[in-house]
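>>> How does the following fold in three dimensions:
(2 chains)
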2 protein chains.
Amino acid sequence: MPESGFRFVLRGTDGGARLGECRTPHGVVETPAFMPVGTQGAVKGVLFRDVAAAGVTIVLGNTYHLYLRPGDGLIGRRGGLHRFIGWDGPILTDSGGFQVFSLADRRVITDEGAEFQSHLDGSRHLLTPERTVDIQARLGSDVAMVLDECLAFPATRDEAAAAMQRSLRWAARCRTRLESLRAAPPPEVRMGTPGQAQFGIVQGGVFTDLRRESAEASRAIGFEGYAIGGLSVGEPIDQMYDVVAATTRWLPEDRPRYLMGAGTPEDLVECVSRGVDLFDCVLPTRNARNGQLFTSQGRINIRNARYAEDDRPLDPACRCYTCRHHSRAYLRHLHLAGEMTASALNTLHNLSFYLDTMTRIREAIAFGTFDSLRQELLHPASRLSHDA
Amino acid sequence: MPESGFRFVLRGTDGGARLGECRTPHGVVETPAFMPVGTQGAVKGVLFRDVAAAGVTIVLGNTYHLYLRPGDGLIGRRGGLHRFIGWDGPILTDSGGFQVFSLADRRVITDEGAEFQSHLDGSRHLLTPERTVDIQARLGSDVAMVLDECLAFPATRDEAAAAMQRSLRWAARCRTRLESLRAAPPPEVRMGTPGQAQFGIVQGGVFTDLRRESAEASRAIGFEGYAIGGLSVGEPIDQMYDVVAATTRWLPEDRPRYLMGAGTPEDLVECVSRGVDLFDCVLPTRNARNGQLFTSQGRINIRNARYAEDDRPLDPACRCYTCRHHSRAYLRHLHLAGEMTASALNTLHNLSFYLDTMTRIREAIAFGTFDSLRQELLHPASRLSHDA
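I've put the predicted structure just below:
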C-alpha cells in the first residue's frame, strides 16, 4: 500500500507553542501556519503571485463549492486542483461538510451521509464519507479532511455527543475508503496527488470529556494529522481557548493540529500557545473586502472619515505592496467608490499582516521569546485599536 | 509666463501613420499610444504595478468623477493626482464634459457652462470652462482637456455647428484661464503639475467642413495638442474613419492628435493609419470584466461552453501573467463563479493585448512595415474571430 507523501516534523517548542514542518507532496509548510481560503479556486480578489508574495505556503480549497462548480470530474481531468488553478504549493481541502450543514433547511443528515440541495441550482446531492474521499482524491489536494457533522452553538451535551459519535463512524469510513484508494484506486477515481494525507477531526462541542473521547478514538483510527472542528461558531472566546487546550492535550505530539475556521490575530497567538499548528479563516480576506484592516497598531475601518486626508500607509510597520505604494486616504477613496481595486489592495495587506504575524510567531518560538510576542500581539499600543 | 513642460517630437512616418514621443512632466510617452481609463483613480480591477507591467505609460483620469469624489480640493492637498493614486507616470484628464452630457435629463447647457446634478447625491454643480481648468490644475494631470459640448449621434448639421461653435468659445476661455494660471496662479488654485499641457478638441460631428473649421479655429487659439471629439458615439464605423482622416489633415504636424473614446483594436490600427497618435477607451477593461477577451486569433467570450475543458492559455502568442499561468478552463470557471479575480486576470490580459498591439504598431512604423501589420491585425487568421 503506498504511503502518504506527508510528514510532520516537530522542530521545537516554547511552552505550549510548537515549531514544526509539514512536508507535503507539493512542498514544505513551516508551522504554525495560516491558510487563506480559496473557496472556488481563487483567493478572492488577488492573484496567486500576490498570495505567494504575502508569504502564503498553503491554501485551502472548499470541496463543496468545487464539487458543484466546476466539478471534481472536470478538475480531475485537468490534472487536479493544483494544475487547474495554477498554484504549485500545498493545498488542503475541507470535506464539504461544514458548507452542507450551513444549508440549514436544505439538507438532511443520516448515518449514510448528508443529502443536500445545491445553492446554485437546487439540484439534489448525497455527500457520504466515501464520496468526499473520492472527490478530494480527484481534486488531488495534499491534505484531505474527513467528513464530520458540525453543530451550531449552543448544542446540548446529547446533541454534541451524538454528532461526535456519528463523526467518528464517518471518520472510520473515510479512512477505510482512502486506504482502499491507496491500495488500488478504481478507474473512476484517479488520485490527483498519490501521496495525499488525510486528517481526522475532533468534535464534541464545548464538552471537554467528549473532546477527549473524540481525540482518542480519532487517534485509534489513525490519521496523518488532527483537526479541531466545531469551534469559532459563536461560543465565548475563553471557552474556545479552553476547549482547544483541553483537546490538544489528547492529540499525538508527532502529528500536526489544525484549528478549523479560526480566527482573529488574537485567536492565532492564543491557540498557538495551546499547541495548534495550522489555521484557516476567511477573516483577513473577507474583512479586507469590507474595509476592515489589521495593523500592528490595531484595527482600522477604512471608511472612517478620519482617514480622508491621511497620507500615511495603513501600517507603517508593514512592507506589503499596499503599504509601500498607497495611503489611507487613497484606500478610503477607492473603498467608498466601490472600486474592486480596493478589495485587491486591502486583501494584499490583510494577508501580509496575517502571514507576517505567523512568521513572527515562528521566529519567537525558535528564539524562546514566544510569550513576550504574545503579550505584544494581544496589546498593540495604539489609539487605533478600537477603531473598527 | 512659465512654459508648458510638454513637448511632442515626430520621429517618423509610414504612410499616414506617425511615430512620435510626448515628453511630459512625468515622463515620455512613445506614440501611437493607448491610455487605459482610470475613472476614479484606479484602472478597474488591477494594480498600477500590473498596469505598468502591461506596458502602459499614460493613464486617463475622469475629472467629473474625481471632482465629485473625493474632490479636486482633497486631491490637491494630497499633492495632486499622481501622488494621491500612486502612479508616477504621465496622466491625462478629460474635462468632465462628456460625463456631464451623458447625464441627459439631469443637466442644462448654456454658454456659461454645464449645470448638472451629481449622479452620487443629486447635488447641483456648475461646470464652466474656467472651472474645469482649475479642477484639472489642482488634479495636476500632465495633459488637461478643454471643456467641449458633446452631441449624440445622429445630430443635424445645425446642432453640430452650434455645439462646435460653443466648444470653440469654451476652448478660448479654457486657454485664457490656463494662461492666467501659468502667469500667476491664485492661492485657491495650486497647480499640481506646473508644466501641465492643454489640448483643444475638434468637434463638428460627421460634417467634414465643420471639422475643418473647428480644427483651424482650434489651431488659431493654440494648444499643445489636439483631440478629435464626438466620435465613436454610434456613427457607422467607416464614417468615423472618414471623419478622422478629414480632421487630421487640418491639424499641425508637430502636435499630437488624440482620438477620444475609441476603440476596438481595428479602430486603433485604422486611425493610426489616418494620423492619430493617442487613444483611450474603456473597451479592454470593461470587456475584460464581462469575459470578452481580445487575442491574436480573434475574440473570445470566455463564458462559451467550448472553453470548459480547454487547457490552453487565452492567447498562445501572449506573454502576460494570465496567459503564462492560467488556462481558458480556469478563467471560464472563475468568470462563471463571479470571482473578482476573474476580472483582474482578464483585465491584465486585455490591457496586455492592447499595449502589445501598440508596441507592434510603433515597431512597424519604424521599420516601414505598417501596412502589412495593418492587414494582419484586421484579418486575424482564426476560427475564433466570430466567437464573441
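
>>> contacting residues around stretch A:356-364?
Stretch A:356-364 has contacts (C-beta atoms under 8 Å, 6 or more residues apart in numbering or on different chains) with A:14, A:17, A:19, A:30-34, A:55, A:265, A:268-269, A:272, A:318, A:370, A:372-374, A:377. Placement of C-beta: from N, CA and C, glycine included.

>>> what is the mean pLDDT for that stretch?
The predicted model assigns stretch A:356-364 a mean pLDDT of 98.

>>> Just the CA coordinates for it, please, in CSV.
What follows is stretch A:356-364, C-alpha atoms only, in CSV (Å, rounded to 0.1, in the frame of the first residue of the first chain):
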residue,chain,number,x,y,z
ASP,A,356,3.9,38.3,8.9
THR,A,357,2.3,37.5,12.3
MET,A,358,2.8,33.8,11.7
THR,A,359,6.4,34.4,10.7
ARG,A,360,7.0,36.4,13.9
ILE,A,361,5.3,33.6,15.9
ARG,A,362,7.6,31.0,14.4
GLU,A,363,10.7,33.1,15.0
ALA,A,364,9.7,33.8,18.6
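
>>> For that stretch, what is the distance to the chain centroid?
17 Å (C-alpha atoms, centre = their mean, to the nearest Å).

>>> in it, what's buried?
Residues of stretch A:356-364 classed as buried: A:D356, A:T357, A:M358, A:R360, A:I361, A:R362, A:A364 (neighbour count, 16 or more other C-beta atoms under 10 Å in any protein chain shown).

>>> what helix or strand does the fourth one sit in?
Secondary structure assignment for A:R360, by DSSP states H and E: helix A:340-367.

>>> Next, count neighbours for the residue of the stretch 201-350 of chain A found nearest chain B.
Nearest residue of the stretch 201-350 of chain A to chain B: A:T341, at 4.0 Å (C-beta to the nearest C-beta). Residues contacting A:T341 under the criterion other C-beta atoms under 10 Å in any protein chain shown number 27.

>>> hmm, back to that, from the contacts of stretch A:356-364, which ones fall inside helices?
Counting by DSSP state H, the contacts of stretch A:356-364 place A:P265, A:L268, A:V269, A:V272, A:F370, A:S372, A:L373, A:R374, A:L377 in helices.

>>> Restricted to buried residues, select the residues you listed in ChimeraX.
In ChimeraX, this line selects whichever of the ones in helices among the contacts of stretch A:356-364 come out buried by 16+ other C-beta under 10 Å:
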select /A:265,268,269,272,370,373,374,377
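
>>> want to throw the ones in helices among the contacts of stretch A:356-364 into JSON lines with distance to chain B and pLDDT?
As requested, the ones in helices among the contacts of stretch A:356-364 are exported to JSON lines (distance: C-beta to the nearest C-beta, whole Å; pLDDT from 0 to 100):
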{"residue": "A:P265", "distance to chain B": "25", "pLDDT": "97"}
{"residue": "A:L268", "distance to chain B": "25", "pLDDT": "98"}
{"residue": "A:V269", "distance to chain B": "30", "pLDDT": "98"}
{"residue": "A:V272", "distance to chain B": "30", "pLDDT": "98"}
{"residue": "A:F370", "distance to chain B": "35", "pLDDT": "98"}
{"residue": "A:S372", "distance to chain B": "36", "pLDDT": "97"}
{"residue": "A:L373", "distance to chain B": "31", "pLDDT": "97"}
{"residue": "A:R374", "distance to chain B": "34", "pLDDT": "97"}
{"residue": "A:L377", "distance to chain B": "29", "pLDDT": "94"}
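
>>> can you list the ones in helices among the contacts of stretch A:356-364 in a markdown table and add distance to A:G222?
Shown next, in a markdown table, are the ones in helices among the contacts of stretch A:356-364 (distance: C-beta to C-beta, whole Å):
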| residue | distance to A:G222 |
| --- | --- |
| A:P265 | 33 |
| A:L268 | 28 |
| A:V269 | 30 |
| A:V272 | 25 |
| A:F370 | 30 |
| A:S372 | 38 |
| A:L373 | 34 |
| A:R374 | 33 |
| A:L377 | 35 |
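
>>> tell me the secondary structure for A:G234?
What DSSP: H, G, I helix; E, B strand; the rest coil gives for A:G234 is coil.

>>> quick one: pLDDT of it?
As predicted, A:G234 sits at a pLDDT of 90.

>>> Was I right to think it contacts A:A152?
Yes - taking C-beta atoms under 8 Å as the definition, A:G234 is a contact partner of A:A152 at 7.0 Å.

>>> More neighbours: the two, which one.
Remark: of A:G234 and A:A152, A:A152 carries more neighbours, 13 against 9, as counted by other C-beta under 10 Å.

>>> how about that one, what does it touch?
A:V233, A:G234.

>>> Could you tell me which residues of chain A lie near chain B?
Within chain A, the positions adjacent to chain B are A:40-49, A:65, A:69-70, A:74, A:77-78, A:84-86, A:308-309, A:311, A:321, A:325-327, A:329-330, A:333-334, A:336-337, A:339-345 by C-beta under 8 Å from any C-beta of the partner chain.

>>> Buried among those? Need that as a selection in PyMOL.
Buried residues among the residues of chain A next to chain B (16+ other C-beta under 10 Å), as a PyMOL selection:
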select buried, chain A and resi 40+41+42+43+44+45+46+47+48+65+70+74+78+84+85+86+321+325+326+327+329+330+333+334+336+337+339+340+341+342+343+344+345
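
>>> okay, now A:R274: neighbour count?
21.

>>> For chain B, what's its nearest residue on the stretch 101-250 of chain A.
Nearest to chain B, among the residues of the stretch 101-250 of chain A, is A:L120, at 9.5 Å (C-beta to the nearest C-beta).

>>> just checking, that residue touches A:Y67?
No - at 10.9 Å, A:L120 and A:Y67 do not qualify as touching, with contact defined as C-beta under 8 Å.

>>> These two: which has the busier surroundings?
A:Y67 (24 against 10).

>>> ok, now which ones touch the residue nearest to the more buried one when sequence neighbours are not counted?
Using C-beta to C-beta, 6 or more residues apart in numbering or on different chains and skipping residues adjacent in sequence, the residue nearest A:Y67 is A:I135, 5.3 Å away. Residues near A:I135 by C-beta under 8 Å, 6+ apart: A:T63, A:Y67, A:D72, A:G96.

>>> Buried only: go through the residues you listed for me.
Buried subset of those (neighbour count, 16+ other C-beta under 10 Å): A:T63, A:Y67, A:D72, A:G96.

>>> Which of the three states applies to the second one?
When classified by three-state DSSP, A:Y67 comes out as helix.

>>> Just list the residues touching it, thanks.
A:G96, A:H125, A:I135.

>>> Let me see the ranges of the strands in the stretch 201-350 of chain A.
A:225-228, A:257-259, A:278-280, A:292-295, A:298-301 (DSSP state E, counting those that start in this stretch).

>>> CA atoms only for stretch A:279-288 - export them in CSV, please.
Extracted C-alpha coordinates of stretch A:279-288, given in CSV (Å, rounded to 0.1, in the frame of the first residue of the first chain):
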residue,chain,number,x,y,z
PHE,A,279,-5.2,27.7,11.0
ASP,A,280,-7.6,28.8,8.3
CYS,A,281,-10.1,31.6,8.3
VAL,A,282,-12.0,33.9,5.9
LEU,A,283,-11.4,36.9,8.3
PRO,A,284,-8.4,38.5,6.7
THR,A,285,-9.8,38.3,3.1
ARG,A,286,-13.5,38.9,3.9
ASN,A,287,-12.7,41.8,6.3
ALA,A,288,-10.4,43.3,3.6
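
>>> List the buried residues for it?
Result for stretch A:279-288 [16+ other C-beta under 10 Å]: buried residues A:F279, A:D280, A:C281, A:L283, A:P284, A:T285, A:N287, A:A288.
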